[in-house]
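>>> this one's structure only:
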């Protein structure tokens, strides 16, 4: 049984996002998109680092050989273990930036984009490998957000935030990336907007509710199974990490909030929330 939500790292992130457990390093990685920062924290040893990026950074994920892959304003880039940077794919589009990303079981990166003004249909979800051109997956979304895989790797859960839906992408025929898309669950008016997500070992989907001040857990058939109230109004994403992948880490934002919000922008943790899945590193 999990305990109450706790403060893990006190911060004032404008738009904290994209927590990811880096198993090889025993640390959590997350970003502050609008302040162009990549954060890491080792919950066992307490070591924390903050790295500045040259652009707004929508996501940062570990690479199999060390370093990071980052979803930036103008494309997807690579940091080597020594800190050297290079572009994997550089495609500036005025008014657009990277927003969230996830590494698939095959080691590819599924990276989302959105316009700063959230123009409908102006974002996309795209697949990146270590080499070769990117593959468009969903070419017309608005705010590409949470992406995660079922324990068997067949289902992909995906969120385009303004739709209020958690969608399921399932295999369609023999083409490896061809998928049908259907709603798993819809977040009702007044409960916030679905943002980032994490899938646990039971195949359930944990979803952060922007402006909803909560995390929800949905079963694989779309049933609302659990609601965890949070001490922040704008949680953004969640990920399992720590010893045994049993703690749920939650990022949050303070952008757009008036008045005192002492924990908004901090990293929170729900100890003993459940059993997470090991997340692969980017193969490039």
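It's in. These numbers were taken from a predicted model, which means no experiment stands behind them.

>>> residues in contact with residue 277?
By CB atoms under 8 Å, 6 or more residues apart in numbering, the contact list for residue 277 reads 149, 151, 199-201, 240, 245. Where C-beta positions appear, they are placed from N, C-alpha and C, glycine not excepted.

>>> ok, 6 Å please
residue 201 (CB atoms under 6 Å, 6 or more residues apart in numbering).

>>> so what's the backbone phi/psi at it?
Backbone torsions for residue 277, taken as degrees, to the nearest 10, come to phi -110, psi 140.

>>> cool, and residue 222?
The phi/psi pair for residue 222 (degrees, to the nearest 10) is phi 90, psi 10.

>>> go ahead and confirm it touches residue 183.
No. Counting by CB atoms under 6 Å, residue 222 does not reach residue 183; the two are 7.8 Å apart.

>>> those two: who's more crowded?
Per other CB atoms under 10 Å, whichever of residue 222 and residue 183 has more neighbours is residue 222, with 15 against 12.

>>> low-confidence ranges in this protein?
Applying pLDDT under 70 to the chain flags the ranges 1-2, 175-176, 178.

>>> grab the nearest non-local neighbour of the one residue sitting closest to the centre of it.
Nearest to the mean C-alpha position of the chain, counting by CA atoms, centre = their mean, stands residue 18 at 3.6 Å. Residue nearest to residue 18 in three dimensions, not counting chain neighbours: residue 59, with 4.3 Å by CB to CB, 6 or more residues apart in numbering.

>>> what number of residues lie near that neighbour?
Residues within reach of residue 59, counting by other CB under 10 Å, total 30.

>>> and what about residue 244, helix, strand or coil?
helix (DSSP: H, G, I helix; E, B strand; the rest coil).

>>> quick one: the closest residue to it other than its chain neighbours from residue 203, how far?
Spatially, and ignoring its direct neighbours in sequence, residue 244 is nearest to residue 275 (7.6 Å; CB to CB, 6+ apart). Remark: distance between residue 275 and residue 203 (CB to CB, to the nearest Å) = 11 Å.

>>> more neighbours, the two?
residue 203 (16 against 12).

>>> could you report the distance from that one to residue 119?
34 Å.

>>> what does residue 104 give?
Counting by CB to CB, the gap from residue 104 to residue 119 is 27 Å.

>>> when those two are compared, which one has more neighbours?
residue 104 (18 against 12).

>>> number of nearby residues for the residue nearest to residue 35 when sequence neighbours are not counted?
Nearest non-adjacent residue to residue 35, counting by CB to CB, 6+ apart: residue 14, 5.2 Å away. Residue 14: 17 surrounding residues under other CB under 10 Å.

>>> ok, residue 105 next?
So residue 105, with other CB under 10 Å, has 14 neighbours.

>>> do the one 3 residues further on as well
The number of residues packed around residue 108, counting by other CB under 10 Å, is 20.

>>> ok, it - contacts?
With contact set as CB under 6 Å, 6+ apart, residue 108 has these partners: 127, 129.

>>> what's the distance between it and residue 31?
20 Å.

>>> hmm, back to that, against residue 215, how distant is the residue nearest to residue 244?
Where residue 215 is concerned, residue 275 sits at a distance of 16 Å (CB to CB).
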